[in-house]
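Undergrad: sequence first, then the predicted structure:
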Amino acid sequence: MQVLPKGVRHMPDFLDREAQEALVAEIRDVVQNAPLYTPVMPRTGKPMSVRMTNCGTLGWVTDQDRGYRYQATHPMTGQPWPPIPDRLLRIWEAVSGYPHPPEACLVNFYSEDAKMGLHQDRDEAEFAAPVVSISLGDTCLFRVGQTRRDGRTISFQLKSGDLVVLGGEGRLAFHGVDRIYPSTSTLLKNGGRINLTLRRVTLSGR
Ligand code: SIN
Ligand code: FE2
């Protein structure tokens, strides 16, 4: 058994099949309102392989000119993001240990050849709140390291219904998705993987 970096928690099978199905139905509604789009990297304009949308009062976006940031509206439709479903707020309450609700839920969709390079989640003002990540659909190979890019990394599989919490000393741990294992789940009709990350963005009550 590999040892996870301090502050990084993996909670396998946190959601049972019924809860996963209910969550997928809610995310489908979110996506109908706020369509998945292909984000591009700052400066280079290189498209990411993961498609994204958000729910919450703030959503994480990136484009060539303005880079990584949070904003209150969808970059393509100009509309406010749909609210974060209650079911997700309950999960945050159960595992975050943080006394205020999340403001952003980034919805990542991975088709079978999508991946995400090693990065830190550091566009938030509030690092006292953890990042809570939920996996749905096909299994992936997740990689997590230290708070320095050149630190030692370990990788392990995330399956549908698993949670990962990056908190405390692990809040700024580098992490990414090396690959998706196609056809490893029956949850999503057309396959692929959905990852939801709940984040507190602003400093609260201080
Ligand atoms: C992310 O870091 O935004 C996504 C992580 C994941 O897909 O598990
Ligand atoms: Fe991330």
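TA: Looks like it arrived, so ask away. Ligands and ions are numbered 1, 2, ... in the order given.
Undergrad: return the residues in contact with residue 121.
TA: 131, 166, 171-172, 175, 197, 199 (Cβ atoms under 8 Å, 6 or more residues apart in numbering). C-beta coordinates here come from the backbone N, C-alpha and C atoms, glycine included.
Undergrad: contacts with ligand 1 among those, please.
TA: Residues of the contacts of residue 121 in contact with ligand 1 (Cβ under 6 Å from any ligand atom): 175, 197.
Undergrad: might one say that residue 200 is in contact with residue 97?
TA: No - if you go by Cβ atoms under 8 Å, residue 200 and residue 97 don't touch, sitting 11.5 Å apart.
Undergrad: start to end distance for stretch 183-198?
TA: Stretch 183-198 has its terminal residues 26 Å apart, counting by Cα to Cα, to the nearest Å.
Undergrad: list the buried ones in it?
TA: Applying a neighbour-count criterion of 16 or more other Cβ atoms under 10 Å, one finds 184-185, 187-188, 191-198 buried in stretch 183-198.
Undergrad: which bits of the protein sit near ligand 1?
TA: Proximity of the chain to ligand 1, by Cβ under 6 Å from any ligand atom, involves residues 106, 108, 116, 133, 142, 175, 177, 195, 197.
Undergrad: tell me the one of these nearest residue 45?
TA: Of all those, residue 116 has the smallest distance to residue 45: 17.6 Å, by Cβ to Cβ.
Undergrad: the closest residue in space to residue 83 that isn't next to it in sequence: what's it in contact with?
TA: Spatial nearest neighbour of residue 83, excluding adjacent residues (Cβ to Cβ, 6 or more residues apart in numbering): residue 55 at 6.2 Å. Contacts for residue 55 (Cβ under 8 Å, 6+ apart) come out as 30, 34, 81-85, 105, 107.
Undergrad: residue 55 - that's part of a strand, no?
TA: Yes - checked against DSSP: H, G, I helix; E, B strand; the rest coil, residue 55 lies within a strand.
Undergrad: among the buried residues of stretch 183-198, which lie within strands?
TA: 193-198 (DSSP state E).
Undergrad: let me know the closest of the residues you listed to residue 146.
TA: residue 197 (19.5 Å).
Undergrad: isn't the closest one right up against residue 102?
TA: No - counting by Cβ under 8 Å, residue 102 is not a contact partner of residue 197; they are 9.1 Å apart.
Undergrad: which neighbours do those two have in common?
TA: Residues touching both residue 197 and residue 102 (Cβ under 8 Å, 6+ apart) are residue 132.
Undergrad: now do the residue nearest to residue 12 when sequence neighbours are not counted: how many residues are near it, please.
TA: Closest residue to residue 12 apart from its sequence neighbours, by Cβ to Cβ, 6+ apart: residue 162 at 5.1 Å. Neighbour count of residue 162, defined by other Cβ atoms under 10 Å: 21.
Undergrad: quick check: the farthest pair among the residues of the chain next to ligand 1?
TA: Taking every pair in these and measuring Cβ to Cβ, the maximum separation is 15.5 Å, between 106 and 142.
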